[in-house]
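Novice: test case, fold it:
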Amino acid sequence: MAPSVGEIRAALDRILSSQCFEQAGRSKEFLQFVVQESLAGRSGALKGYSIARAVFGKPADFDAQSDPLVRVEAGRLRRRLVRYYGEEGKDDALRITLPRGSYAPEFSLLEPMPAATVRRGKGKILAAAIGLAAVGALLAAVLVNLPGRERPVAPGESGPTAAVRPAPRMPRILVVPFENVGDADFGYFAFGLTEEVIVRLNAFDFFVIANHTGYESDAEPIAAVSSEVQADYILTGSVRHDGQRIRVAARLIDARSGEQLWVRSYDELLALDTVLSIQERISREVATTLGEPLGPLYDEEFARSTSREPADFDTYDCVLRFYYYAQTLDRDVHRMTVGCLQRTLARDPSNAVAWGALAILYRHEYMYGYTPQADGGAPLDRALEAARTSLDIDGGSAMGNLALALTRQAKGDIGGFKESVERLLAGGLPPTGEIQVGSSLILSGERERGLAVLEAALKRSPRPPGWSYEGYVAYYLEDAEYDQAFQWAKRIDMPRWFGDPMYVAATAALAGDEHLAARAAARLLALFPDFPHVGRELLRHWSFDDTVYSRMVAGLERAGLVLD
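Specialist: Sure, this is the predicted structure:
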């Protein structure tokens with residue numbers, strides 16, 4: 001049964017008067033406008049341009065295609081609705097959601113849904129199957145708002161009639177409440193830590209998170225429970241309070257094999273005013289380690305994906321291969337990944353992460369000369385279009401926003417690049433994204449700020465890729481500190497990427513190590529025989545400033561490479 005107009009208005013009033021929306025001026029105005037327009041029968045007219053004019057006061061010449069303001073704010077509104085329905089609105093029967101790919105809100109009345117319940121003695125755990133409205137803090141809202149879960153709404157289609165495609169294959173993590181060991185009065189900390197971990201895991205682009213309600217330690221093995229709720233992985237842990245110290249242990253278990261994939265302990269000094277900051281810091285580190293695409297969960301998923309035939313790859317498999325490419329920057333892997341994403345996005349065009357990944361691959365076509373698309377137009381134009389498509393689907397996609405920022409920089413749109421960077425840093429990024437942003441800021445001239453972002457991201461990253469050190473090379477080359485640039489170049493260590501020996505050859509020559517410079521130049525030619533003919537042009541595509549560009553060229557020529 002569809003909700004009445006009166007019920008919708010009452011639900012809207014509850015949201016707008018909540019603490020969650022109290023300080024959210026833009027999100028409140030955005031939600032109020034789109035709901036009122038939809039109730040007035042004008043949902044079909046809800047476009048980026050009309051919202052920018054009515055809600056954000058943009059001028060008549062506003063270009064919604066080039067400026068992602070509305071897409072980004074729509075992503076923030078979606079996330080705030082997730083938070084509202086996970087906290088103050090968890091008992092609301094009427095839900096207002098903003099589907100990805102559309103600015104027309106949907107209104108639905110939730111009916112009680114049977115959750116998968118397992119009782120073992122006094123213990124119980126409840127989890128939701130994909131697509132169900134679950135009990136617990138966040139799952140009901142999160143599952144319907146994950147990237148890639150909805151298809152774009154067709155022209156003229158909006159509101160409750162818009163169909164939702166089947167959920168894609170993605171891993172499911174069952175988060176079991178951290179067990180409070182010892183001090184009975186410290187249970188609140190374990191509960192709060194569990195909730196913080198779940199919230200932060202849900203912020204990552206590509207992993208489905210299964211939620212919990214409760215689990216007691218005298219229950220039957222967790223693995224039996226995870227089987228019933230079809231979880232792939234189990235995150236569990238414990239909290240021990242001893243005087244002024246607290247120890248938190250966390251571990252990730254493969255639900256199918258029982259193998260422990262990751263374990264970590266955290267020891268903290270405890271004071272009343274540090275409880276929340278400790279919760280936030282530990283939950284951020286746990287979520288980053290698991291949600292980061294180069295962490296232990298990615299390794300396990302990629303290993304499983306390799307058993308599938310390429311003809312059976314879906315979008316998820318292709319994105320896994322993109323993350324593998326991001327570790328190697330291998331030319332052959334680039335070609336395979338571009339083809340994989342192009343094929344799967346033709347069948348399933350609604351995955352924001354995949355479009356953002358494809359945009360970055362097109363940018364690398366421009367930078368590295370990889371996998372040229374003869375009939376596809378200019379690579380940066382394709383990259384920009386793919387990044388915008390990603391943000392049309394999910395304005396809050398970290399991958400899409402990163403792709404837009406990097407493409408703008410490559411096109412020489414420094415103002416647009418810096419605008420995108422501010423959005424990225426304000427919204428939060430996984431460490432590899434921050435590493436890329438820090439390096440790009442160094443290249444754009446904001447050297448000290450870029451260096452600070454880069455160094456902070458490297459401290460957070462569980463396994464930084466070799467290209468993470470490019471920013472340091474450029475930083476010290478500009479200062480003519482060639483020994484320092486050479487030391488950082490040697491840390492890149494990516495044997496299948498020609499950029500590795502290129503940096504080493506140039507910096508070694510400038511630092512006076514002619515023998516190592518010659519060896520690196522030979523490796524560069526083995527990887528990229530045509531580099532002497534295209535090297536100057538490609539280096540111009542890397543967004544170096546004139547000083548760094550000139551010193552790179554001088555170093556390469558001093559290493560024995562004659563560039564056309």
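
Novice: would you map the helices across the stretch 1-150 of the chain?
Specialist: Here the stretch 1-150 of the chain has its helices, by DSSP state H, counting those that start in this stretch, at 5-16, 25-39, 48-56, 69-86, 139-143.

Novice: which element follows the last one toward the C-terminus?
Specialist: It refers to helix 139-143. Sequence order places strand 172-175 as the next helix or strand after helix 139-143, per DSSP states H and E.

Novice: is the closest residue to Gly427 other than its chain neighbours in a helix, a strand, or coil?
Specialist: Using CB to CB, 6 or more residues apart in numbering and skipping the chain neighbours, the partner closest in space to Gly427 is Gly396 (6.8 Å). (Each C-beta comes from the backbone N, C-alpha and C, glycine too.) With DSSP: H, G, I helix; E, B strand; the rest coil as the basis, Gly396 sits in coil.

Novice: before we move on, the earlier item: tell me the most buried of the helices of the stretch 1-150 of the chain?
Specialist: Comparing those by mean neighbour count (mean count of other CB atoms under 10 Å), helix 139-143 ranks first with a mean of 25.

Novice: make sure Leu252 is indeed in a strand.
Specialist: Yes. Counting by three-state DSSP, Leu252 is located in a strand.

Novice: enumerate every residue touching the spatially closest residue to it that is not a sequence neighbour.
Specialist: Nearest non-adjacent residue to Leu252, counting by CB to CB, 6+ apart: Trp262, 4.3 Å away. Counting by CB atoms under 8 Å, 6 or more residues apart in numbering, Trp262 makes contact with Arg251, Leu252, Thr289, Leu290, Gly295, Pro296, Leu297.

Novice: so how many other residues sit close to the first one?
Specialist: When you say that, I think you mean Arg251. 15 (other CB atoms under 10 Å).

Novice: tell me the pLDDT at it?
Specialist: Arg251 carries a pLDDT score of 89 in this model.

Novice: do the same with the third one
Specialist: For Thr289, the pLDDT comes out at 82.

Novice: that one and Gly295, how far apart?
Specialist: Shown here: Thr289 relative to Gly295, a distance of 5 Å by CB to CB, to the nearest Å.

Novice: list residues touching both of these two?
Specialist: Trp262, Pro462.

Novice: mind putting the contacts of Trp262 into JSON lines with secondary structure?
Specialist: Output for these, formatted as JSON lines (three-state DSSP):
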{"residue": "Arg251", "secondary structure": "strand"}
{"residue": "Leu252", "secondary structure": "strand"}
{"residue": "Thr289", "secondary structure": "helix"}
{"residue": "Leu290", "secondary structure": "helix"}
{"residue": "Gly295", "secondary structure": "coil"}
{"residue": "Pro296", "secondary structure": "helix"}
{"residue": "Leu297", "secondary structure": "helix"}
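
Novice: now for Lys411: which residues touch it?
Specialist: Here Lys411 is in contact with Leu380, Leu384 (CB under 8 Å, 6+ apart).

Novice: repeat that for Asp63.
Specialist: Counting by CB under 8 Å, 6+ apart, there are no residues that Asp63 touches.

Novice: measure it to Gly48 for me?
Specialist: Applying CB to CB, the value for Asp63 to Gly48 is 9 Å.

Novice: ditto for Phe322
Specialist: Applying CB to CB to Phe322 and Gly48 gives a distance of 27 Å.

Novice: again, but for Tyr549
Specialist: Distance of Tyr549 to Gly48, computed by CB to CB: 37 Å.

Novice: helices of the stretch 451-564 of the chain, start to end?
Specialist: Going by DSSP H, counting those that start in this stretch, the stretch 451-564 of the chain shows helices at 470-478, 482-490, 499-511, 514-527, 531-540, 546-558.

Novice: tell me the confidence at the residue lying closest to Arg551 once chain neighbours are set aside?
Specialist: Nearest residue to Arg551, sequence neighbours excluded (CB to CB, 6+ apart): Leu477, at 5.0 Å. You'll see Leu477 listed with a pLDDT of 97.
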